[in-house]
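>>> Got a predicted structure here, sequence first:
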Amino acid sequence: MRIACLRVPDFPLQALRRSEPELVETPLAVATGPTPRDPVVAVAAEAEALGVRKGMTAAQALRIAPRVLVRVTPPAVAAAADEALDDVAVSFSPRVKRGCPGEVLLDVGGLIPRFGREEVIAHELLRACRHVGLEGRIGVAASLGVARVASRIPAQPEERRGEDGSRSSPSVPSRPPEGSGGGVSRGSELARHAPQIGAHHYGGDYLWRQKPDHALTGALAGGGVSRKGIVLRDAVSLPFLVGLDLCVVPAGREAEFLAPLPIALLDPPPEVAGRLVSWGVHRSGELAGLPREEVALRLGSQGLALHRLACGETHEEFVPDPVREVLREGMLLEHPVSALEPFLFVLRGLLSRLAQRLELRGEGFAELLLELALEGGGNHEVSVRLVAATREVPAVLAMARLRLESLPPASAVEAIAVRVTPGRIRLVQGSLFGPPLPAPGRLAVALARLAALVGPERVGAPTVPDTHRPGAWAMTPFAPGDREQGMEDRGEGAAPVLRAMRPPCEVQVETAGGRPVLMRMDGLAGTVVSCAGPYRSLGEWWSDEPFARDDFDVAIADGPVLRVYFDHLQRKWFVDGVYD
């Protein structure tokens, strides 16, 4: 089994910027709460350049850089970004396991025949992740734990260019210092256990590696894959893919991959990390070299699991989670909104992000539920049901406008959440000899616009319901079917067609022996020269709308042939239709 861990670094920051794109270039810091003493957990590059660092309190960050905007990521925004990341994984593999917020694991073993290489799978996953507004990093390995560690390796910075256009890598020392004792950096610790042929810069630290395999790098670039991944080979020529946003660990060499990494990348519990530091254990390889029984005796089950991970062993089963059937996006408004147009502007952004997620699923909007939090503590819900599933945001927004105009909220809106029930977009096979059918996407947009104009209950296709009531019909969602049905030649002996009158017209009828002999109505009067019937129908006596009627087909002298009936419940005569 091959597991990919898709992780979004600085997830609270990226989730907030995904919800509010205007914050993309703002010096932004995300804190855990609204008070000045709450710590900062994510810092944008613009704020970091001003001196703000993770772990500071919000008050310290503002004191160092007053231009920095300190925000808190609302739970609804973080949940929507996490669900979007889950949709990215589900669009590639049905076997998906959700981790902590901003992390998802998926089984990619069955994707090798489709993509050929694991690094190509990783690049396609990252491309889909960017499509929903998130920048991720991927680690691929044979187990959950190693894949998580691979996804946590810091990204390499881009090459720098000089004024003359020449490329230059970040400054790298010719050799990491030896015997530095406790002051040795993490990069030097890694370098001490890596092949000493070439160097790669890892976010301020140095990882010594051999030169890249340019042949495979060129193959990736030629196949339309980003150049952010490069293949590195270790002393035994085994490929390790390490790049700006991905890391691929070959099967069977997990322990060798983990050995030079610092213990912090294994994400140990704080108390276990403190004990290991007191023992002088700083790298994964040092922990793997300790006797497992002694580690379990002193550190308990947590230490035992950490030791197994350091040895590259699988200690956690991959149990996929069920796929979410309902999509949700939400945001907290900075100021309450009471007018319809500003509200629809905000709603358009939410629907656009939902449309991106639906595109990954190959589905469209089938039904929406708008959940509005009102000023003063109230709530308001508006449901929008579409005639046909579509991903066209303008058509869906027109339906939402119609519903909001008919059911406006009682006060200003402070927060909004949109829940979407996806629906499959219908694909229609056209006829080789018949007329062309409308494109499903354009048909869905046209139906949505018609529903916005006249109401969704007035758009559809007529059908006969399961009842014996004469003239009963119902409306169903319109779908183009076989255009050749009902187009056959009726011939000379075919029965005449009844053109129904809706509603039926009341008529005055004189009878003889229970059969009509004379009729009078607006614009028409005459003697009945021919009569067929009665055709009696009776039913639904158990419901609120029973029916009991006698139908007749009558021909009037110098007039048309009519279908009339006598309603036993109303004791009146009606004209039901006229025959062509």
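Yep, that arrived.
>>> which stretches of the stretch 51-200 of the chain aren't confidently modelled?
Where the stretch 51-200 of the chain drops to pLDDT under 70, the residues are 155-200.
>>> Helices along that one, start to end?
Counting by DSSP state H, counting those that start in this stretch, the segments of the stretch 51-200 of the chain that form helices are 58-64, 75-90, 112-115, 118-131, 144-152, 186-192.
>>> before we move on, what about the stretch 301-450 of the chain?
Under DSSP H, counting those that start in this stretch, the stretch 301-450 of the chain gives helices at 340-361, 393-406, 440-454.
>>> nearest to residue 150, of these?
Comparing the helices of the stretch 301-450 of the chain against residue 150 with Cβ to Cβ, the closest turns out to be helix 340-361 (23.8 Å). Backbone N, C-alpha and C define where each C-beta goes, glycine included.
>>> can you give me the offset of the closest one from its chain's centre?
Distance of helix 340-361 from the chain centroid (Cα atoms, centre = their mean, to the nearest Å) equals 12 Å.
>>> residues in contact with that helix?
With contact meaning Cβ atoms under 8 Å, 6 or more residues apart in numbering, helix 340-361 is reached by 18, 21, 80, 83-84, 87-88, 90-91, 128, 131-133, 327, 329-331, 333, 337, 364-365, 370, 391, 393, 396-397, 400-401, 404-405, 408, 413, 416, 418, 420, 422.
>>> Would you list the buried entries among the residues you listed?
Using 16 or more other Cβ atoms under 10 Å as the burial test, these include 18, 80, 83-84, 87-88, 90-91, 128, 132-133, 327, 329-331, 333, 337, 364-365, 370, 391, 393, 396-397, 400-401, 404, 413, 416, 418, 420, 422 as buried.
>>> related to what we said a few turns ago, present the helices of the stretch 301-450 of the chain as JSON lines; the columns should include distance to residue 465 and mean pLDDT.
Putting these into JSON lines (distance: least, Cβ to Cβ, whole Å; pLDDT from 0 to 100) gives the following:
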{"stretch": "helix 340-361", "distance to residue 465": "32", "mean pLDDT": "91"}
{"stretch": "helix 393-406", "distance to residue 465": "26", "mean pLDDT": "86"}
{"stretch": "helix 440-454", "distance to residue 465": "21", "mean pLDDT": "73"}
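>>> Now that we have the ones you listed, can you turn them into CSV and tack on distance to residue 565?
Shown next, in CSV, are those (distance: least, Cβ to Cβ, whole Å):
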stretch, distance to residue 565
helix 340-361, 48
helix 393-406, 37
helix 440-454, 30
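>>> So for residue 105, which of those sits nearest?
That would be helix 340-361 among those, by Cβ to Cβ, at 17.3 Å.
>>> now the closest one and helix 75-90, what's the angle there?
Compare the direction of helix 340-361 with that of helix 75-90 by axes from the mean of the first three to the mean of the last three Cα atoms, to 10 degrees and you get 30 degrees.
>>> Confirm residue 501 sits in a strand?
Yes: according to DSSP: H, G, I helix; E, B strand; the rest coil, residue 501 belongs to a strand.
>>> can you give me phi and psi for residue 471?
Here is the backbone geometry of residue 471 (degrees, to the nearest 10): phi 80, psi 10.
>>> distance of it from residue 572?
16 Å (Cβ to Cβ, to the nearest Å).
>>> of those two, who's got more company?
residue 471 (17 against 14; other Cβ atoms under 10 Å).
>>> So for the protein, which residue is the most central one in space?
Computing the C-alpha centroid of the chain and ranking residues by Cα atoms, centre = their mean puts residue 357 first, at 3.0 Å.
>>> where's the residue lying closest to that one once chain neighbours are set aside relative to residue 295, distance?
Once flanking residues are discounted, residue 357 sits nearest to residue 87: 4.6 Å by Cβ to Cβ, 6 or more residues apart in numbering. Using Cβ to Cβ, residue 87 is found at 40 Å from residue 295.
>>> okay, now residue 571: neighbour count?
By other Cβ under 10 Å, neighbour count at residue 571 equals 7.
>>> is it true that the residue nearest to residue 357 touches residue 131?
No: the criterion here is Cβ atoms under 8 Å, and residue 87 misses it with residue 131 at 10.1 Å.
>>> how does the chain divide into domains?
252-324, 334-429+437-482, 498-579 (automatic domain parsing).
>>> Start and end of the first one, how far apart?
One end of domain 252-324 sits 34 Å from the other (Cα to Cα, to the nearest Å).
>>> what residues are up against residue 548?
537, 538, 567, 568, 569.
>>> which SSE is the second one in?
Counting by DSSP states H and E, the element that carries residue 538 is strand 524-539.
>>> Tell me who's in contact with residue 420.
Counting by Cβ under 8 Å, 6+ apart, residue 420 touches 326, 327, 328, 329, 354, 358, 365, 366, 367, 368, 369.
>>> Could you double-check that the second one sits in contact with residue 417?
No: shown here, residue 327 and residue 417 do not form a contact pair, counting by Cβ under 8 Å, at 11.1 Å.
>>> ok, now how distant is the closest residue to residue 104 other than its chain neighbours from residue 364?
Computed as Cβ to Cβ, 6+ apart, the closest residue to residue 104 that is not its neighbour in sequence is residue 89, at 4.7 Å. Using Cβ to Cβ, residue 89 is found at 20 Å from residue 364.
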